[in-house]
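sequence and computational prediction follow.
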Amino acid sequence: TVVFEMTHVSKTYRMGEVTVEALKDVNLNLREGELVVLLGPSGSGKSTLLNILGGLDTPSSGKVRFRARAASRNETYDLTSASEAALTRFRRECVGFVFQFYNLIPSLTARENVALVTEIAPHPLHPKAALGLVGLEHRVDHFPAQLSGGEQQRVAIARAIAKRPQVLLCDEPTGALDYRTGKLVLQVIDRINRELGTTTAIITHNAGIAAMADRVIHMRSGEITHIDVNTQKVQPD
Ligand code: ADP
Ligand code: ADP
């Protein structure tokens with residue numbers, strides 16, 4: 001089943017006299033349960049593409065359709081013509097976001113940071129269960145400052161998946177971490193993809209990460225140059 005269908009998507013940013021074509025006529029389908037990596041140099045349009053998939057940004061032209069799981073209220077969202085209210089519901093219920101920086105609230109414990117999200121989701125995981133899935137059952141009452149960078153990112157992942165989103169979108173999730181810690185974070189994302197069936201897209205410019213993907217989407221100058229299907233997909237190690 002196709003979850004996302006992007007057709008002829010372009011995005012132009014205007015800043016005064018200057019216009020930037022961040023995406024140029026992008027066509028892309030994402031399938032239920034697959035893990036894709038978006039690979040390309042800085043400025044090639046990866047974040048713009050991810051933000052459009054997540055309903056954080058809208059294309060200048062083209063269409064983006066999202067097929068929600070049958071149990072959801074809406075079968076299909078047309079993200080390009082959805083109302084602000086529908087987009088907010090889409091973001092809240094269907095999408096988990098992970099960014100390079102963890103955006104945890106310093107005055108709240110790990111459990112409380114996750115609970116902020118579960119309070120507004122219709123079918124959430126228990127915060128402790130979400131923290132268990134990322135291997136932090138022994139850190140639930142710790143504050144962000146008492147956790148390592150990798151642990152903070154795992155709390156951010158627990159927060160993202162606690163609403164049981166259909167899709168997990170990760171923008172350079174290991175960008176601020178050393179190699180060994182980053183590997184642990186990727187293992188967690190990989191396990192969530194396999195155990196919960198969460199359709200996952202990860203932005204990186206680290207070609208090594210590509211080995212864990214079902215497909216690697218190569219981008220350059222706002223275009224998808226080619227897509228590699230990974231027949232030898234391996235778990236991150
Ligand atoms: P990547 O994630 O591959 O680094 P981006 O999607 O962030 O690429 O950016 C693609 C292009 O769009 C870049 O030239 C960038 O400077 C430009 N761009 C991205 N966001 C904005 C914005 N909010 N305003 C203006 N230009 C932007
Ligand atoms: P609202 O505040 O009306 O719920 P938002 O656009 O602020 O709508 O975001 C909805 C959801 O999108 C949030 O609950 C969060 O999961 C995710 N989100 C959006 N932007 C960010 C961000 N910068 N950091 C973390 N999560 C974000």
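That came through fine. Residues are numbered from 1 along each chain as shown. Ligands and ions are numbered 1, 2, ... in the order given.

longest helix anywhere in this protein?
Longest helix in the chain, counting residues (DSSP state H): helix 179-196.

keeping just the C-alphas, turn the next helix-or-strand element following it into PDB.
Next helix or strand after helix 179-196 toward the C-terminus (DSSP states H and E): strand 199-204. The C-alpha coordinates for strand 199-204 follow below in PDB (Å, rounded to 0.1, in the frame of the first residue of the first chain):
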ATOM      1  CA  THR A 199       6.800   4.000   7.900                       C
ATOM      2  CA  THR A 200      10.100   5.800   8.400                       C
ATOM      3  CA  ALA A 201      12.100   8.400   6.500                       C
ATOM      4  CA  ILE A 202      15.500   9.500   7.700                       C
ATOM      5  CA  ILE A 203      17.600  12.400   6.400                       C
ATOM      6  CA  THR A 204      21.300  12.000   6.500                       C
END
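
which helices and strands sit right next to the longest helix of the chain?
Packing partners of helix 179-196 (3 or more CB pairs under 8 Å, 6 or more residues apart in numbering; DSSP states H and E): strand 35-39, helix 127-133, helix 149-161, strand 167-171, strand 199-204. Where C-beta positions appear, they are placed from N, C-alpha and C, glycine not excepted.

repeat that with 7 Å
Secondary-structure packing of helix 179-196 (3 or more CB pairs under 7 Å, 6 or more residues apart in numbering; DSSP states H and E): helix 149-161, strand 199-204.

of all these, which lies closest to ligand 1?
strand 199-204 (6.3 Å; CB to the nearest ligand atom).

now the helix or strand just after the closest one against strand 199-204, angle please.
Using DSSP H and E, the helix or strand that follows strand 199-204 in sequence is strand 215-220. Counting by axes from the mean of the first three to the mean of the last three CA atoms, to 10 degrees, strand 215-220 points 40 degrees away from the direction of strand 199-204.

quick one: mean pLDDT over strand 215-220.
For strand 215-220, mean pLDDT rounds to 97.

what's the first helix or strand after it?
Using DSSP H and E, the helix or strand that follows strand 215-220 in sequence is strand 223-229.

what's the angle from that next one to strand 35-39?
Strand 223-229 runs at 140 degrees relative to strand 35-39, counting by the same axes, to 10 degrees.
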